[in-house]
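Asker: next come a sequence and a model predicted from it.
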Amino acid sequence: MASKEKRAVLRLDVLGLFLAGLINTFLALLDAGIILGPGTGARQSDLLARAAWIAEHSLRWQGGWLFWFAVTLSFAWSFYALGRHLDDTRPWRSLAIGVAVIAAAVDLIGVLVNLTVLPEMARALASTLATPDPVLQVVSYSMENLANALTNVAAFGLYSLAGLLLLPAAFATPTYPRGLVWLATGEWGIAAIATGLLVLAPAVATGPLLVSFALYAPWVWGSGLWLLRGESVH
């Protein structure tokens with residue numbers, strides 16, 4: 001019975017890792033670029049134009065951010081799904097999982113701001129397009145900046161820290177493939193650099209971010225295959 005339960009847990013972790021790679025590397029980019037894109041600063045630099053689009057497509061905007069719950073939760077789950085199968089003599093492993101949970105909480109706050117506050121601000125701004133209210137514009141812009149700081153900077157930075165904290169346990173796990181260890185090292189090292197650029201020089205952060213995103217799926221999918229072969233330390 002214990003062996004059967006262990007296999008069920010292992011299959012759940014493998015499923016979580018494969019879903020995390022699919023959702024975060026591919027579906028999240030489609031959601032951000034196609035569903036949400038016209039209402040974001042990356043695609044539309046004019047605040048009033050963004051507000052008008054969000055007000056006109058509020059259901060599409062909110063649906064896109066509802067999907068972000070799956071993005072956030074699957075990303076956080078991947079740290080636990082892999083981390084608990086790595087060498088547990090390294091205290092950093094538990095800390096990495098804890099930091100990932102905190103990152104998810106921060107991320108979800110930003111998601112809720114995008115989901116509930118920004119559409120209301122957009123509708124208010126859209127109703128004053130003929131004579132834009134400068135105070136309303138400042139408040140709306142501030143809410144956008146807050147949501148961006150929570151999801152794209154703070155949460156991403158915490159996820160990057162969690163990834164770096166997971167590395168000692170990965171290096172200490174004899175059966176964990178060295179290729180995956182170095183892949184993770186590259187990914188989270190680049191993600192940490194991207195986080196710094198998001199704070200200091202956002203205009204040049206896109207390249208490192210894309211590289212980090214591209215490395216994530218191969219890492220978690222490779223880790224899932226490792227688990228399927230039954231080579232975890234438990």
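Answerer: Right, received. Where do you want to start? Numbers count the residues shown, from 1 in each chain.

Asker: got phi/psi on Arg229?
Answerer: Torsion angles at Arg229 (phi, psi; degrees, to the nearest 10) stand at phi -80, psi 0.

Asker: now do the same for it: its pLDDT.
Answerer: Per-residue pLDDT puts Arg229 at 90.

Asker: and it, how many neighbours?
Answerer: By other CB atoms under 10 Å, the residues close to Arg229 number 9. Bear in mind the C-beta positions are built from the backbone N, C-alpha and C, glycine included.

Asker: quick one, longest helix in the chain?
Answerer: helix 58-83 (DSSP state H).

Asker: would you mark the buried spots in that helix?
Answerer: Across helix 58-83, burial judged by 16 or more other CB atoms under 10 Å covers 58, 61-62, 64-65, 67-68, 70-83.

Asker: centroid residue for the chain?
Answerer: Thr72 (5.4 Å; CA atoms, centre = their mean).

Asker: for Tyr176, see how far away it is.
Answerer: In this view, Thr72 and Tyr176 are 26 Å apart by CB to CB, to the nearest Å.

Asker: and for Phe69?
Answerer: Distance check for Phe69 against Tyr176: by CB to CB, it reads 30 Å.

Asker: same deal with Val204?
Answerer: Val204 sits 33 Å away from Tyr176, going by CB to CB.

Asker: the two: which is more packed in?
Answerer: Legend: neighbour count by other CB under 10 Å for Val204 and Tyr176, higher for Tyr176 (23 against 11).

Asker: which phi and psi does the more buried one have?
Answerer: Note on Tyr176: its backbone torsions stand at phi -70, psi 120 [degrees, to the nearest 10].

Asker: my read: it touches Ala170, true?
Answerer: Yes. At 5.5 Å, Tyr176 counts as touching Ala170 under the criterion of CB atoms under 8 Å.

Asker: returning to that earlier point: give the closest residue to the residue nearest to the centre of the chain in space, chain neighbours not counted.
Answerer: Asp107 (4.6 Å; CB to CB, 6 or more residues apart in numbering).

Asker: dihedrals phi and psi, Thr131?
Answerer: phi -130, psi 80.

Asker: any stretches of the chain with poor pLDDT?
Answerer: Counting by pLDDT under 70, the chain contains low-confidence ranges at 1-2, 231-234.

Asker: now do the helices in this protein.
Answerer: Using DSSP H, helices in the chain cover 2-22, 28-30, 47-56, 58-83, 92-112, 118-126, 134-148, 156-172, 178-200, 206-228.

Asker: wait, which of those helices is closest to Leu36?
Answerer: helix 58-83 (4.3 Å; CB to CB).

Asker: give me the distance from that closest one to the chain's centre.
Answerer: 7 Å (CA atoms, centre = their mean, to the nearest Å).

Asker: isn't Leu197 right up against Ala191?
Answerer: No. Under the criterion of CB under 8 Å, Leu197 makes no contact with Ala191, lying 10.6 Å away.

Asker: coming back round to it: right, so the helices of the chain: which one is the most enclosed?
Answerer: Of all the helices of the chain, helix 156-172 has the most neighbours on average by mean count of other CB atoms under 10 Å, namely a mean of 22.
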